[in-house]
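Asker: have a look; sequence and predicted model below, questions after that.
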Amino acid sequence: MLLLTIDWSFIIEKLILISVILGASLGVATYATWGERKVAAWMQDRKGPSRAGPFGLLQPIADGIKLFFKEEIIPTDANRFLFILGPSLAMLTACMASAVIPWGPSIELESGRIIALQVADINIGILYVFGVVSVGVYGIMLGGWASNNKYSLMGSVRAASQAISYELAMGISLIALLMMTGTLSLAEIVNQQHGFWENGWFTWNVAKQPLGFIIFLVCAFAELNRAPFDLPEAESELVAGYHTEYSSMKLGFYLFAEYVNLFISSAILITLFFGGYNFPFMDQVAGSVSPVVFSIICVLVLLTKTIMMILFFMFIRWTIPRFRYDQLMNLGWKSLIPLALVNMLITGAIIIWVLN
């Protein structure tokens, strides 16, 4: 009889890591709402949140309390089960993608035990992310269809077609990156971007795949349904789009999932193209501090890069006006997909030339 031994310390270690990552994701997403308002206010020459706490820092907490105590309404003709499943699925998938992100280098304790700052180092990490993102669209589609509202249905249809259009270009842009790295593991991709400069060139993939990065970035805007690609919830056309009929915390889940997705997408973008937790002179820093301190520094570096990317997303939102829907589709099918294919062919030709 085969006896299975359970490594409880490993399970506890992973549970703690999952709790910290989820807590950090929710915390960053909470204050991203405050940051968004402050960025908008700064760009429009006004104050933004300033009354709830110093500098308005308690505004996200006040908003959360308000959503909790608002009256919850489910339309009479709505499909009750799917109506509740929609925002739940959107929030669940938003948190799931963080499982494969390497948040820092592994910590080796004095006892010899190695603690990985990654929940799951699977060799198909990028495919996992694409799978989770694809399922996340169902949350929007179910919410729009179950509401039995024409505006909501139109928003969910827009979200589905937008996701299909831009996931194709995003996937093709990543093929060129995968041809260079030879792996689907996010941990290995980060390891290949070690430091900042090596053999007379930058190690970060943004310097090796600039066109691929631009295509991936534009597609990320579309996948996040953020302006100028916020067609699924265009207030001037669809009232509020797919979440028109939602209230209380169900609406809060949809709004909050958008900011969790913003944080996770920014972290993935940094991991793929900007070296993840790598930074210049990291080997010198590693030699002068303890492994635990070095890992903490690397985590802070990754979070700093991620927050800078989030701010970039916010600046773009309050700078460029919303596209028309035909412009959205034309950009995806007639511009980004051909560009991604050309980038893939050029990358393949360069790789063959270098190998020969």
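Answerer: Received it, and whenever you're ready, just let me know what you need.

Asker: can you pull the pLDDT of the closest residue to residue 283 other than its chain neighbours?
Answerer: Ranked by CB to CB, 6 or more residues apart in numbering and with sequence neighbours excluded, the top spatial neighbour of residue 283 is residue 195, at 6.6 Å. For glycine as for every other residue, the C-beta is placed from the backbone atoms N, C-alpha and C. Looking at residue 195, its pLDDT is 85.

Asker: give the contact list for residue 195.
Answerer: 203, 278, 279, 280, 281, 282, 283 (CB atoms under 8 Å, 6 or more residues apart in numbering).

Asker: please pick the buried ones from the residues you listed.
Answerer: By neighbour count, with 16 or more other CB atoms under 10 Å, the contacts of residue 195 hold 203, 278, 279, 282 as buried.

Asker: the spatially most central residue of the chain is in what secondary structure piece?
Answerer: Nearest residue to the geometric centre of the chain (CA atoms, centre = their mean): residue 265, 1.5 Å. If you go by DSSP states H and E, residue 265 is part of helix 248-273.

Asker: tell me which residues of that helix are tucked away?
Answerer: By 16+ other CB under 10 Å, the buried positions in helix 248-273 come out as 248-273.

Asker: of the contacts of residue 195, which belong to helices?
Answerer: 282, 283 (DSSP state H).

Asker: okay if I get the contacts of residue 195 as a markdown table plus distance to residue 143 and pLDDT?
Answerer: What follows is those, written out as a markdown table (distance: CB to CB, whole Å; pLDDT from 0 to 100):
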| residue | distance to residue 143 | pLDDT |
| --- | --- | --- |
| 203 | 42 | 92 |
| 278 | 39 | 93 |
| 279 | 40 | 92 |
| 280 | 45 | 90 |
| 281 | 48 | 89 |
| 282 | 44 | 91 |
| 283 | 49 | 90 |
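
Asker: closest to residue 76 out of the contacts of residue 195?
Answerer: Nearest to residue 76 among the contacts of residue 195 is residue 278, at 55.0 Å by CB to CB.

Asker: which stretches of the chain form strands?
Answerer: 107-108, 114-115, 197-198, 201-202 (DSSP state E).

Asker: residue 98 is nearest to which of those strands?
Answerer: When the strands of the chain are compared (using CB to CB), the closest one is strand 114-115, at 17.2 Å.

Asker: mean confidence for that closest one?
Answerer: Here the average pLDDT along strand 114-115 is 82.

Asker: which other residues reach that strand?
Answerer: Counting by CB under 8 Å, 6+ apart, 13, 106, 107, 108, 109 sit against strand 114-115.

Asker: among these, name the buried ones.
Answerer: Buried among the contacts of strand 114-115 by 16+ other CB under 10 Å: residue 107.

Asker: between the contacts of strand 114-115, which sits nearest residue 80?
Answerer: residue 13 (40.0 Å).

Asker: and the closest one, what does it touch?
Answerer: residue 115.

Asker: can you tell me how far it is from residue 7?
Answerer: 9 Å (CB to CB, to the nearest Å).

Asker: cool, residue 280 as well?
Answerer: 37 Å.

Asker: any idea what sits nearest residue 170, other than its immediate chain neighbours?
Answerer: Counting by CB to CB, 6+ apart, the nearest residue to residue 170 once its immediate chain neighbours are dropped is residue 219, at 3.8 Å.

Asker: burial count for the one you found?
Answerer: Neighbourhood size, residue 219 [other CB atoms under 10 Å]: 25.

Asker: from memory it sits against residue 164, does it?
Answerer: No: look at residue 219 against residue 164 with CB atoms under 8 Å: they stay out of range, at 11.6 Å.

Asker: mind listing what's buried in stretch 311-328?
Answerer: Neighbour counts over stretch 311-328 (16+ other CB under 10 Å) mark 313, 314, 317, 322, 323, 328 as buried.

Asker: quick check: residue 262 touching residue 312?
Answerer: No: contact criterion CB under 8 Å: residue 262 and residue 312 do not qualify, at 10.9 Å.

Asker: put the alpha carbons of the helix or strand of the chain with the lowest mean pLDDT into CSV.
Answerer: Within the chain, no helix or strand scores below helix 235-238, which has a mean of 75 by mean pLDDT, DSSP states H and E. Once non-C-alpha atoms are left out, helix 235-238 reads as follows in CSV (Å, rounded to 0.1, in the frame of the first residue of the first chain):
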residue,chain,number,x,y,z
GLU,A,235,-21.9,55.7,-20.5
SER,A,236,-22.8,58.0,-23.3
GLU,A,237,-24.2,55.1,-25.4
LEU,A,238,-25.2,52.3,-23.1
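
Asker: please identify which of the strands of the chain is closest to residue 354.
Answerer: Ranking those by proximity to residue 354 (CB to CB) places strand 201-202 first, at 12.5 Å.

Asker: and that closest one, what's its mean pLDDT?
Answerer: So the average pLDDT for strand 201-202 ends up being 88.

Asker: other SSEs contacting that strand?
Answerer: Contacts defined by 3 or more CB pairs under 8 Å, 6 or more residues apart in numbering; DSSP states H and E place strand 201-202 against helix 205-208.
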